[in-house]
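Task: produce atomic coordinates for the following.
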Amino acid sequence: MIVDKKLVKHVAKVARLDLTESEIDKFVPQLKDIIEAFSQLQDIDVTHIEPSFQPVPIIPHIAEDTPKKSVSQEKALCNSQHNKEGYFMGPKAV
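Predicted coordinates:
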């Protein structure tokens, strides 16, 4: 892959970045190094390695669903200045 100013400008445009010319000049060699590092991964022999789709086991952390006493309507509304007839009041939605 050819990494030049044109490629950096294209990547910046796709990422919606407004880069200056000095930033583009700075990023060209950095992008070259990154692409070279990742291209070395193609040379690794992985024919005898099983894919690891989920390297960390997923353990569900779900709380027990036990019934508990709920808050009374009066207690829920006691600190609210905006309530009417036992309900919270909010702005009108049209």
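
In terms of pLDDT, where does the residue nearest the centre of the chain sit?
In the chain, the residue lying closest to the centroid (CA atoms, centre = their mean) is Ala15, at 15.4 Å. Ala15 carries a pLDDT value of 96.

now it: how far from Leu77?
49 Å (CB to CB, to the nearest Å). Every residue, glycine included, has its C-beta placed from N, CA and C.

hmm, back to that, ok now do the residue nearest to the centre of the chain, which residues does it touch?
Contacts for Ala15 (CB atoms under 8 Å, 6 or more residues apart in numbering) come out as none.

Please apply the same query to the one 10 residues further on.
Listed by CB under 8 Å, 6+ apart, the contact set of Asp25 reads Lys5.

do you know how far the residue lying farthest from the centre of the chain is from His61?
In the chain, the greatest distance from the average C-alpha position (CA atoms, centre = their mean) is reached by Glu85, at 42.4 Å. Distance, Glu85 to His61, using CB to CB: 40 Å.

Could you check what's spatially nearest to His82, not counting adjacent residues?
Met89 (4.3 Å; CB to CB, 6 or more residues apart in numbering).

Just the pLDDT for that neighbour.
In this model, Met89 carries a pLDDT of 91.

His61 too?
pLDDT, His61: 83.
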